[in-house]
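J.: What follows is a predicted structure for the sequence shown.
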Amino acid sequence: MPTTDIETFQIGSRSVPRLFVGLWQCSSPQWGTAPLSKIKRHFQALVDAGFTAFDMADHYGDAELLFGRFRTRHEQPDKIYCATKICLFEKVDPTDDVMDAALAQRVKNIKAQSIDLCQFYVQHYGNGEHIKALQYLHNDTRAASLGAVNFDTAKMEQALAAGIALATNQVQFSLIDSRPTVKMGPLCAKHGVKLLTYGTLCGGFLADKWVGQPAPALYSDGMTPSHRKYYEEIVAWGGWDLFQELLAALNAIADKRDVSVSNVATRWVLDHAYVGAVIVGTRLGVSDRTEENLKVYGWSLDDGELQKIEDVLKRSRREDMFEQMGDCGMEYIH
């Protein structure tokens with residue numbers, strides 16, 4: 001049976017929960033909006049329930065500003081963990097001045113002296129400029145721990161070989177997109193790097209509400225940008241009919257364990273030893289799944305349950321997805 005005891009893992013000297021609160025939905029009103037007072041109450045409730053690690057980025061709307069405001073006003077701000085990002089989307093030379101300005105803005109926004117986990121993403125790798133940027137972050141005390149975002153295995157190997165102490169790499173990982181199991185996972189296991197995973201619930205499709213349902217009308221009411229993105233991945237993986245078979249298998253396990261389909265899908269990812277945490281997208285003040293998410297903790301899938309899931313997965317095109325999309329994060333590289 002599940003327990004509400006919070007599972008944790010280490011990033012540097014900090015012990016953090018294995019579920020992070022993802023704030024990417026602050027980037028657009030398409031995910032819904034709420035009054036500031038309601039957002040504040042939701043933030044407080046999450047922390048009180050043990051969800052003390054928050055993932056955000058420089059381009060997630062007001063996420064950093066909201067986080068900074070709420071954390072500084074909390075009675076125990078030091079127990080709340082900040083994972084944010086510096087993302088370079090243009091062909092910008094990451095000079096020391098560029099990286100210094102980016103770090104300065106991040107710490108200003110979150111109202112802190114340093115960032116608990118500073119994660120770095122670069123869209124154009126060029127001639128190794130990303131290594132220069134990572135070395136700058138590695139040596140700057142404003143980045144307490146350092147992580148990568150959507151680095152493929154080759155770029156991870158390059159960074160580690162350069163002596164950069166990467167604690168994490170944030171990549172997409174789910175029952176539908178299992179590319180990390182091919183190359184990235186073994187590399188992380190070898191070097192002690194932990195994955196922070198997003199897309200684990202496929203934009204909400206890996207959930208009770210979709211069991212036995214027809215394929216969605218993607219531009220109808222209630223459909224989000226995440227739904228449209230992940231529906232395309234479901235089609236590439238094996239199609240809606242096979243996806244329904246997967247949901248049925250997950251639902252049978254969920255019924256037996258008195259948890260949700262989403263819990264089972266999340267647990268499947270967490271049970272990979274090189275995964276540190278799953279990032280659960282949260283619409284602050286709009287949608288609250290705190291109690292359901294707590295049921296992820298305190299159990300693991302047994303061999304029989306894993307086999308039921310594998311019986312469906314082996315009939316999918318998961319290997320083709322690695323060939324078509326490339327290694328982890330390669331769909332975001334230009």
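T.: That came in fine, so what should we check first?

J.: buried stuff in the least confident helix or strand in the chain by mean pLDDT?
T.: Least confident helix or strand, the chain: helix 36-48 with a mean of 85, by mean pLDDT, DSSP states H and E. For helix 36-48, burial by neighbour count (16 or more other CB atoms under 10 Å) applies to I39, K40, H42, F43, L46, V47. No exception for glycine: its C-beta is placed from N, CA and C like everyone else's.

J.: isn't the last one right next to P77, touching?
T.: No - under the criterion of CB atoms under 8 Å, V47 is not in contact with P77, lying 9.9 Å apart.

J.: Which elements pack onto the following helix or strand past the least confident helix or strand of the chain?
T.: Downstream of helix 36-48, the first helix or strand assigned by DSSP states H and E is strand 53-55. Here strand 53-55 touches strand 19-22, strand 81-88, going by 3 or more CB pairs under 8 Å, 6 or more residues apart in numbering; DSSP states H and E.

J.: Of all those, which one is nearest K295?
T.: Closest approach to K295 among the helices and strands packed on strand 53-55 is made by strand 19-22 (10.8 Å; CB to CB).

J.: That closest one - what's its average pLDDT?
T.: For strand 19-22, mean pLDDT is 94.

J.: Repeat that for stretch 95-113.
T.: When pLDDT is averaged over stretch 95-113, the result is 95.

J.: Output the helices and strands packed on strand 53-55 as CSV; include the columns mean neighbour count and distance to A165.
T.: Output for those, formatted as CSV (neighbours: other CB atoms under 10 Å; distance: least, CB to CB, whole Å):
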stretch, mean neighbour count, distance to A165
strand 19-22, 25, 20
strand 81-88, 23, 16
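
J.: could you dump those to TSV with distance to A161?
T.: Formatted as TSV, those follow (distance: least, CB to CB, whole Å):
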stretch	distance to A161
strand 19-22	28
strand 81-88	21
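
J.: Y198 is nearest to which of these?
T.: Once those are compared by CB to CB, strand 19-22 is nearest, at 6.4 Å.

J.: what's that closest one packed up against?
T.: Here strand 19-22 touches strand 53-55, strand 275-281, going by 3+ CB pairs under 8 Å, 6+ apart.

J.: Need the winner for burial among those.
T.: A comparison of those by mean neighbour count, using mean count of other CB atoms under 10 Å, puts strand 53-55 on top with a mean of 28.

J.: now the angle from the strand or helix carrying K108 to strand 81-88?
T.: Assigned by DSSP H and E, K108 falls within helix 96-110. Inter-element angle recorded for helix 96-110 and strand 81-88: 140 degrees (by axes from the mean of the first three to the mean of the last three CA atoms, to 10 degrees).

J.: before we move on, the earlier item: S300 is nearest to which of the helices and strands packed on strand 53-55?
T.: Comparison of the helices and strands packed on strand 53-55 against S300 by CB to CB identifies strand 19-22 as nearest, at 14.9 Å.

J.: quick one: strands adjacent to the closest one?
T.: Paired with strand 19-22 in the same sheet, following DSSP bridges, are strand 53-55 (parallel), strand 275-281 (parallel).

J.: now those strands as CSV including distance to E323 and mean pLDDT?
T.: Formatted as CSV, the strands paired with strand 19-22 follow (distance: least, CB to CB, whole Å; pLDDT from 0 to 100):
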stretch, distance to E323, mean pLDDT
strand 53-55, 29, 96
strand 275-281, 23, 94
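
J.: For T181, list the residues it contacts.
T.: Residues in contact with T181 (CB atoms under 8 Å, 6 or more residues apart in numbering) are H272.

J.: can we see that at 6 Å?
T.: T181 makes contact with no residue, according to CB atoms under 6 Å, 6 or more residues apart in numbering.

J.: do the same with V193
T.: Shown in contact with V193 (CB under 6 Å, 6+ apart): L166, N169.

J.: how far away is it from L36?
T.: Using CB to CB, to the nearest Å, one obtains 37 Å as the distance from V193 to L36.

J.: What of R106?
T.: Per CB to CB, R106 is found 22 Å from L36.

J.: L294 now?
T.: Taking CB to CB, one finds L294 at 26 Å from L36.

J.: And for G126, the neighbour number?
T.: By other CB atoms under 10 Å, 12 other residues sit near G126.

J.: That one in helix, strand or coil?
T.: What DSSP: H, G, I helix; E, B strand; the rest coil gives for G126 is coil.

J.: So for L246, which of the helices and strands packed on strand 53-55 sits nearest?
T.: Counting by CB to CB, L246 lies closest to strand 19-22 out of the helices and strands packed on strand 53-55; the figure is 21.9 Å.

J.: Looking at the buried residues of helix 36-48, spot the one nearest N263.
T.: Distance to N263, by CB to CB, is smallest for L46 among the buried residues of helix 36-48, at 17.2 Å.

J.: measure that closest one to W299 for me?
T.: Between L46 and W299 the computed distance is 22 Å (CB to CB).

J.: Could you do A143 as well?
T.: 35 Å.

J.: Tell me which of the two has more neighbours.
T.: Between A143 and W299, A143 has the larger neighbour count (other CB under 10 Å), namely 24 against 16.
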